[in-house]
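*Asks:* what shape does this take:
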Amino acid sequence: MCLSLTEQAGNKTFEPPWRKGREENCNKANSFYFAVLCVHPALAQSLGARTLNDAPEQRQGFASLVPNAYECFGASAGYRSRYFFAVLRNFLSLHDYERTRRNKGDMDTTLLNQILNIAFEKKVSDIHFEVDNPPMFRARGHLVRSKLANLTKQDTEFVANAVMGQHNRKLPEDLKELDTSYTLANVGRFRVSIFRQRGNLGVVMRVIPHQIGTFEELNLPPVLGKIAQVPNGLVLVTGPTGNGKSTTLASMMRFINDNFDYNIITIEDPIEFLFTSNKSCIIQREVGIDTEDFTVALRSAMRMNPDVIMVGELRDLETIDACVKAAETGHLVLSTLHTHNTASSINRIIGHFPPQAHENIRQRLAESLLAIISLRLVRGKKEDTIIPVLEVMYATSTIKACIRDNKLDEIEQYIEKGRDEYNMQTMDQHLIQLCRTGLITLEEAKRVSRSKDLERKLTYG
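*Replies:* As a prediction, this is how the structure comes out:
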């Protein structure tokens, strides 16, 4: 629901200046206009804005009336999150284009591209296209509905076919689920999941940032660079979906590419970040296009003179076994898992093997595992910030013994004790650090922490 500016400005009404003849010749104003309407009541009064629904009419003159819109937005840093989402919902209504749509079921290239452009402009992470729902956007962890019409079966089929057409492929009639990618020229790339739900096609598109950030730009600890410098071993980046695993892995790959003359092979489904060879030579292979599957690609990679192998995800026993073998034979192998910490990651790997092989895989992991980096994204005190929280485990001789002897419940205490000497940290240690530096609130830290005594640690730790 739109927030009325009359509510924000004491139920006063104001005559819009352009209704009094003050029309200006200018380019269409950007989305910061909507933010100003929500978060800067004084400026809204000077503009004569009544409600957010006036936005399409008012923004015509906004650029010349308020040339310092960016500064005005930045000055209102104390706005609350509900204002942001009101802004986003109104911006995502796509008023200009929506007024030209005659009927439901008329998704076309222009509208699709406009939606995808907005995803980049508003820095959302995902776009959802599902029948009987409007296009939806995930922003800062919240799912936000646009004001477009509900999508029909024909709409989602159009989106799916547009994605497949970019790869010169047709949509299989018996499709159940499929992962691929999509590129919007001069804008960016998307990881795409096409699936069936209740007999209809659905599409979820994950936004892939234009640039691969450095550790500093992404607020990642420098210890990741030290881990990436080790010439061999298995490195896992873990965490829930949408919490920065791919971005963190890409940042580590950038660090290697910028600092070492290695031959790097990536095996992905689909390819997400596009790398340009710098000091290293980078070969990127996509499952289903460049290779049959992860296992075949890993076997082939061993004959391609690799120094570093990056595997998009450890999905099955064969892929896990091949990655461990590659690490055992002197290669640096990086991959991801959907697990929340070190112990659960090790358990997940062991669980893929039959019971009679558990002892053997524990021995192999104790020798080959180099590090596990577990991630969660949390909301900062400033509502427009997202901050990564990390558990960093470096496989010391003590932790290797814990893996070998199946004493995984003891690993966390050794991570905690190894903070000064090995730059390790538990997630709680990082949360406490962020609380003490004022970057996140205690409530947000407690929401993410799996510990019941986080507050006590913060007080007496």
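*Asks:* mind checking the SS state of the closest residue to residue 447 other than its chain neighbours?
*Replies:* Nearest residue to residue 447, sequence neighbours excluded (CB to CB, 6 or more residues apart in numbering): residue 378, at 7.8 Å. Placement of C-beta: from N, CA and C, glycine included. At residue 378, secondary structure determined by DSSP: H, G, I helix; E, B strand; the rest coil is strand.
*Asks:* let me see the ranges of the helices in the stretch 201-350 of the chain.
*Replies:* Chain-ordered helices for the stretch 201-350 of the chain, with DSSP state H, counting those that start in this stretch as the definition, fall at 223-228, 245-259, 294-301, 317-328, 342-351.
*Asks:* surely residue 422 and residue 394 touch.
*Replies:* Yes - Residue 422 is within contact range of residue 394, at 4.9 Å (criterion: CB atoms under 8 Å).
*Asks:* just the buried positions in the host helix or strand of residue 156, please.
*Replies:* Secondary-structure element containing residue 156, defined by DSSP states H and E: helix 153-165. If you call a residue buried by 16 or more other CB atoms under 10 Å, then helix 153-165 has these buried ones: 155-160, 162-164.
*Asks:* going by neighbour count, list what's buried in the very next helix or strand once past it.
*Replies:* Elements were assigned by DSSP H and E; along the chain past helix 153-165, the next helix or strand is strand 177-184. Across strand 177-184, burial judged by 16+ other CB under 10 Å covers 178-182, 184.
*Asks:* just checking: what are the partner strands of strand 177-184?
*Replies:* In the sheet, strand 177-184 lines up against strand 188-197 (antiparallel) (DSSP bridges).
*Asks:* related to what we said a few turns ago, give the other helices and strands that the helix holding residue 156 contacts.
*Replies:* Using 3 or more CB pairs under 8 Å, 6 or more residues apart in numbering; DSSP states H and E as the contact criterion, the elements in contact with helix 153-165 are helix 109-121, strand 126-129, strand 177-184, strand 188-197, strand 200-208.
*Asks:* of all these, which lies closest to residue 274?
*Replies:* Ranking the helices and strands packed on helix 153-165 by distance to residue 274, with CB to CB as the measure, places strand 188-197 first at 7.1 Å.
*Asks:* so what touches that closest one?
*Replies:* Outside of strand 188-197, the residues that reach it under the criterion CB atoms under 8 Å, 6 or more residues apart in numbering are 116, 120, 127, 130-131, 160, 163-164, 171, 175-184, 201-210, 270, 272-274.
*Asks:* which ones are touching the closest residue to residue 286 other than its chain neighbours?
*Replies:* The shortest distance from residue 286 to any residue that is not its chain neighbour, by CB to CB, 6+ apart, is 4.7 Å, and that residue is residue 271. Shown here is residue 271, whose contacts under the criterion CB under 8 Å, 6+ apart are 181, 284-286.
*Asks:* so which of the residues you listed wins on neighbours?
*Replies:* Scoring the contacts of residue 271 on neighbours with other CB atoms under 10 Å, the highest-scoring entry is residue 181 at 22 neighbours.
*Asks:* element containing residue 430?
*Replies:* Secondary structure (DSSP H and E) places residue 430 in helix 427-436.
*Asks:* show me what counts as buried in that helix.
*Replies:* Buried residues in helix 427-436, counted by 16+ other CB under 10 Å: 427-432, 434-435.
*Asks:* stretch 305-322 too?
*Replies:* Of the residues in stretch 305-322, those buried under the neighbour-count criterion (16+ other CB under 10 Å) are 306-315, 317, 319-322.
*Asks:* state the pLDDT value of residue 290.
*Replies:* Each residue has a pLDDT score; the one for residue 290 is 94.
*Asks:* residues contacting it?
*Replies:* Taking CB under 8 Å, 6+ apart, we find residue 290 in contact with residue 297.
*Asks:* just to revisit the earlier point, between the helix holding residue 156 and strand 200-208, how big is the angle?
*Replies:* Taking axes from the mean of the first three to the mean of the last three CA atoms, to 10 degrees, one finds helix 153-165 and strand 200-208 inclined to each other by 50 degrees.
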